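1. Just a sequence and a predicted model for now, questions to come.
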Amino acid sequence: MLSSSFELPEDVLRARQNVKWGKYGTDVLPAWVAEMDFSIAHPIQRTLERMVGDHDYGYPDRGGNHGDGTLVAAFRSRMLKHFAWETDPSLILPLSDLVQGTFATILALSEPGDGVILQLPAYPPFHEAINSTGRRLIPYRLEPGSERYSHEPGSLSKLIDPTTKIILLCNPQNPTGRVFEQAELEEIGRVAIERDLVILSDEIHADLVYRGAKHIPIATLSPEIAARTITITSATKGFNIPGLRCGVLYFGSQALKERFHARFPARVLGSPGITGIDATVAAWNHGQPWLDAVLDHLDGNRRRIRDFISTEIPAIQTLMPEATYLGWLDCSRLGLSGSAHDFFLEQGKIGFSAGEFFDPNGHKFVRFNFATSRRIVDRILERMADAVRSNQRG
Ligand SMILES: Cc1ncc(COP(=O)(O)O)c(C=O)c1O
């Protein structure tokens, strides 16, 4: 198969000083942290080259009251165009780090000992944001079905007691790749209203949705749901610019914004830098053709992984993600003595993300970042199959 124009050769990737390729030795193929092994969209690259050429490294003055007016405008037009979501510029808080936004929201809108509902399995910093701030993590499990993971209908309201304050939603979900449907989001919204919960909705993967699924920002469902929802998002996952540190936190109401700022005056959270602002604006306004091509490639990879695993390593259970470039692999039927992550690292020389960081009972799972060339995906799959075969023989 022809390689896509955005694929980067392995020696270029290995020479980079980033965590993905730097964490392991040169004998290991890394498939863990959520970034892509691809060159970025030309409009973003050109924007950055222009800044470098002009030595444009001062405090940003990109319009608006805080110098980030172009970012606010790009967020608003992207949300409107892609999700028919009309946003209010006075409720937008640009920030540099979405995980910081999650921590800040939990600290601002709950007290130590309060319950925070978390879908499990979940992105590891979400666990940390609840546990390290002394909140109580209430697991809201996603269970595998024949095609996809989902919550048992009606199970959410049973989890809630008077000290439960927040539901942390990740949509599209990391690591299961679910894109929640309207009815599923409506149940969450209804329960949040009935039990007076804040919804913290991380929608960072919303740009990475495959054909057949549709991302719905939960804040668009009704004014009542919006009024209790904080949404966080950025262009960093979809357009592969996570090191540029730029995102947006959106308050669904003035009341939420005031509660948040009573604990965190706006200056406490860092604002995005000039490169992050301009790159995000270029991504959201001009990066879609690149993203469409990348999604086609990723779609091929997710199908390849499903087909290979179901025929060559059928003891591993996996369901195709509806969004994201992350596969969640259940290796519990491999009969491994230790964790699946350690097994594949030691026996296969593959650096997956360890399942136990996503779910305390997840040590027989790994998360597979397949945002790479088809060649590397194939080499990882071959290494997996070899490791499993030699383990069965031994
Ligand atoms: C669900 C989710 N939220 C947030 C982040 C990271 O956001 P940031 O780098 O802006 O802190 C990631 C990165 O993988 C993620 O998957």
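-> On my side now, so go ahead. Numbering: from 1, shown residues only.
2. and the residue nearest to Trp328 when sequence neighbours are not counted, what does it touch?
-> With sequence-adjacent residues excluded and distances taken as CB to CB, 6 or more residues apart in numbering, Trp328 is closest to Pro175, at 4.5 Å. In this view, the C-beta of every residue, glycine as well, is placed from N, C-alpha and C. Pro175 is in contact with 121-123, 324, 326, 328, 353, 358, 367, counting by CB atoms under 8 Å, 6 or more residues apart in numbering.
3. centre of the chain versus the helix or strand harbouring Gln347, how much separation?
-> For Gln347, the host element (DSSP states H and E) is helix 340-348. Its chain's C-alpha centre and that of helix 340-348 lie 24 Å apart, by CA atoms, centre = their mean, to the nearest Å.
4. continuing past that helix, what's the next helix or strand?
-> Next along from helix 340-348, by DSSP H and E: strand 350-354.
5. Sheet-wise, list the partners of that following strand with their directions.
-> When pairs are called by DSSP bridges, strand 350-354 turns out to pair with strand 29-31 (parallel), strand 365-369 (antiparallel).
6. residues of the shortest one that come out buried?
-> Read it as strand 29-31. Neighbour counts using 16 or more other CB atoms under 10 Å place 29-31 of strand 29-31 among the buried residues.
7. Would you mind giving those residues as JSON lines with pLDDT and distance to Tyr149 added?
-> What follows is the buried residues of strand 29-31, written out as JSON lines (pLDDT from 0 to 100; distance: CB to CB, whole Å):
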{"residue": "Leu29", "pLDDT": "98", "distance to Tyr149": "26"}
{"residue": "Pro30", "pLDDT": "98", "distance to Tyr149": "25"}
{"residue": "Ala31", "pLDDT": "98", "distance to Tyr149": "20"}
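8. returning to what we had before: go through the strands paired with strand 350-354 and name the closest to the ligand.
-> Closest to the ligand of the strands paired with strand 350-354 is strand 365-369 (CB to the nearest ligand atom; 9.4 Å).
9. quick one: average pLDDT of that closest one?
-> Mean pLDDT, strand 365-369: 98.
10. returning to what we had before: pull up the gap between the residue nearest to Trp328 and the ligand, please.
-> To the ligand, Pro175 is 8 Å away according to CB to the nearest ligand atom, to the nearest Å.
11. what does Arg375 give?
-> From Arg375 to the ligand the distance is 24 Å (CB to the nearest ligand atom).
12. What about that residue, how many residues nearby?
-> Neighbours of Arg375 under the rule other CB atoms under 10 Å: 13.
13. for Gly270, same thing?
-> Count around Gly270 with other CB under 10 Å applied: 12.
14. Pretty sure it sits against Leu95.
-> Yes - with contacts counted by CB atoms under 8 Å, Gly270 reaches Leu95, the gap being 6.8 Å.
15. mean confidence score for the biggest helix by length in the chain?
-> Longest helix in the chain, counting residues (DSSP state H): helix 288-312. Helix 288-312 carries an average pLDDT of 98.
16. What residues does the stretch 1-150 of the chain have near the ligand?
-> With CB under 6 Å from any ligand atom as the criterion, the stretch 1-150 of the chain meets the ligand at residues 34, 97-99, 123.
17. And the stretch 151-300 of the chain, by the same measure?
-> Checking the stretch 151-300 of the chain against the ligand by CB under 6 Å from any ligand atom, the hits are 170, 174, 202, 204, 234, 236, 242, 247.
18. Please render the strands paired with strand 350-354 as JSON lines that adds distance to Pro139 to the earlier fields.
-> Output for the strands paired with strand 350-354, formatted as JSON lines (distance: least, CB to CB, whole Å):
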{"stretch": "strand 29-31", "distance to Pro139": "26"}
{"stretch": "strand 365-369", "distance to Pro139": "15"}
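19. So for Asp88, which of those sits nearest?
-> strand 365-369 (35.2 Å; CB to CB).
20. got a list of contacts for the closest one?
-> Residues from elsewhere that reach strand 365-369 (CB under 8 Å, 6+ apart): 30-35, 121, 175, 305, 325-332, 340-341, 344, 352-356, 358-359, 380.
21. End to end on stretch 204-213, go ahead and measure it.
-> 16 Å (CA to CA, to the nearest Å).
22. And the contacts of that stretch?
-> With CB under 8 Å, 6+ apart as the criterion, stretch 204-213 contacts 82-83, 98, 170-174, 179, 215, 217, 232-239, 247, 291, 295, 298-299, 302, 321-325.
23. So which of those are in helices?
-> Using DSSP H, these in helices are 82-83, 98, 291, 295, 298-299, 302.
24. Next, give me the two most distant ones among the residues you listed.
-> Leu98 and Asp299 (25.1 Å).
25. Between those two, point out the one with more neighbours.
-> Using other CB under 10 Å as the criterion, Leu98 and Asp299 rank with Leu98 on top: 23 against 15.
26. if I look at the more buried one, how far off is Ile380?
-> 28 Å (CB to CB, to the nearest Å).
27. Might you report the residue contacts of Leu120?
-> 139-142, 358-359.
28. 6 Å - rerun?
-> 139, 141, 359 (CB atoms under 6 Å, 6 or more residues apart in numbering).
29. Checking the first one next. Helix, strand or coil?
-> Under the three-state scheme (DSSP: H, G, I helix; E, B strand; the rest coil), Pro139 adopts strand.
30. try Ile160
-> coil.
31. neighbours around it, how many?
-> For Ile160, using other CB under 10 Å, the count is 19.
32. Also Ile193?
-> With other CB under 10 Å as criterion, Ile193 counts 15.
33. same question, Asn240
-> By other CB under 10 Å, neighbour count at Asn240 equals 26.
34. same deal with Leu256?
-> Neighbours around Leu256, by other CB under 10 Å: 21.
35. Could you check how far it is from the ligand?
-> Distance, Leu256 to the ligand, using CB to the nearest ligand atom: 19 Å.
36. Strands along the protein, start to end?
-> Using DSSP state E, the strands of the chain run over 29-31, 92-95, 115-120, 136-141, 143-144, 149-150, 164-170, 198-202, 229-233, 247-251, 317-318, 326-330, 350-354, 365-369.
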